[in-house]
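# Need coordinates for the below:
(one chain, ligands or ions: 1)
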Amino acid sequence: MTAFRTDLPPEATYPERHPDAPEPGAELPPHYVSCFGCGPGQPHGLHLRIVAGEGLDLSATFEVTADHQGAPGLAHGGLLASAMDEILGQLGHITRMSCVTARLETDFRRPVPVGSTLCLAARVDGVAGRKLYASGEGHLGAPDGPVAVRARALFVQVGLEHFTTHGRPDELDAIRRDPSMITHIGDYTLNP
Ligand SMILES: CCCCCCCCCCCCCC(=O)SCCNC(=O)CCNC(=O)[C@H](O)C(C)(C)COP(=O)(O)OP(=O)(O)OC[C@H]1O[C@@H](n2cnc3c(N)ncnc32)[C@H](O)[C@@H]1OP(=O)(O)O
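Numbers count the residues shown, from 1 in each chain. This next block holds a predicted model:
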């Protein structure tokens, strides 16, 4: 059997839900107004609205429109992977780890027609040091609908300097002028 690089290592542990994690049922704040996945100010974005679950899990709905096509009338696979990347990455809200995607594996199990709603679910599988392992699915039409897409990912925790070092100065300057473009929770600045 293939050993995927997102397989949980033996030293992984299952973390507690962070006491400052969003309440179950609460909608997560967008981490950055211009994020392609969740930013309300991103005209070309997916505009995912992500809701905290009871444990180390999240859910969201993704309305698939004609803007998301690959084949005629069908969603583009890379776009579905982006939606999974976004909801999996936002699991950092629940564990309070500011992470970036190191590896994302996606299985496309059914075509996703334009006009359909994809119900996304994501959960933490474990944490090993800076590494957060996560998995999720996209169900067609309803949370218990057929699985159209499945993903597993490895995220690596990074400090704020990851973004300040590598981000384009124009966008970083815009955030300095208007800090409300990114979400701050307490003394923690979320991944911009
Ligand atoms: C409160 C917080 C809330 C946060 C909410 C945020 C919402 C955000 C939502 C965003 C949603 C969208 C999200 C996005 O779109 S994030 C944007 C897309 N991702 C990136 O741009 C990341 C680019 N990559 C990097 O910057 C670096 O490579 C990173 C930082 C990932 C690691 O470089 P770094 O120099 O720091 O660390 P390291 O190289 O020592 O690696 C560390 C460990 O990881 C293991 N490893 C690394 N890569 C892989 C791999 N491919 N498969 C398997 N394993 C891998 C590695 O072996 C090592 O393991 P170990 O030797 O320790 O055992």
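# Give me the contacts around stretch 149-158.
Residues outside stretch 149-158 that contact it (CB atoms under 8 Å, 6 or more residues apart in numbering): 4-6, 80-81, 84-85, 88-89, 91-92, 97-109, 112, 118, 125, 130-138, 191. C-beta coordinates here come from the backbone N, C-alpha and C atoms, glycine included.
# 6 Å instead, please
Counting contacts by CB atoms under 6 Å, 6 or more residues apart in numbering, the residues outside stretch 149-158 that touch it are 6, 80, 84, 88, 97, 99-108, 130-138.
# and that stretch, anywhere near the ligand?
Yes. Counting by CB under 6 Å from any ligand atom, the ligand is contacted by stretch 149-158 at Leu154, Val156, Val158.
# which parts of the helix or strand Arg176 falls within are buried?
Following DSSP states H and E, the helix or strand that holds Arg176 is helix 169-177. Under the neighbour-count criterion of 16 or more other CB atoms under 10 Å, helix 169-177 has Ile175 buried.
# now swap in stretch 114-127 and tell me
Using 16+ other CB under 10 Å as the test for burial, stretch 114-127 gives 114, 116-127.
# Figure out how far it is from the centre of its chain.
9 Å (CA atoms, centre = their mean, to the nearest Å).
# again, but for stretch 37-57
7 Å.
# picking up where we left off before, hmm, who's touching the helix holding Arg176?
Against helix 169-177 from outside (CB under 6 Å, 6+ apart): Met181, Ile182.
# Quick check: mean pLDDT of that helix?
Averaging pLDDT along helix 169-177 yields 94.
# That one near the ligand at all?
No. Contact of helix 169-177 with the ligand (CB under 6 Å from any ligand atom) is absent, the minimum separation being 14.0 Å.
# Number of residues surrounding Thr165?
Using other CB atoms under 10 Å, Thr165 has 10 neighbouring residues.
# got the residues of the protein near the ligand?
Contact residues (CB under 6 Å from any ligand atom) of the chain with the ligand: 5, 31, 37, 85-86, 89-90, 92-93, 96-98, 100-103, 129-131, 154, 156, 158, 188, 190-191.
# Which among the residues of stretch 149-158 next to the ligand count as buried?
Among the residues of stretch 149-158 next to the ligand, those buried by neighbour count (16+ other CB under 10 Å) are Leu154, Val158.
# Export the residues of stretch 149-158 next to the ligand as a markdown table, with columns for distance to His68 and pLDDT.
Shown next, in a markdown table, are these (distance: CB to CB, whole Å; pLDDT from 0 to 100):
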| residue | distance to His68 | pLDDT |
| --- | --- | --- |
| Leu154 | 26 | 97 |
| Val156 | 28 | 96 |
| Val158 | 29 | 94 |
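# tell me which of the residues of stretch 149-158 next to the ligand is nearest to the ligand?
The ligand has its nearest neighbour among the residues of stretch 149-158 next to the ligand in Val156, at 3.9 Å by CB to the nearest ligand atom.
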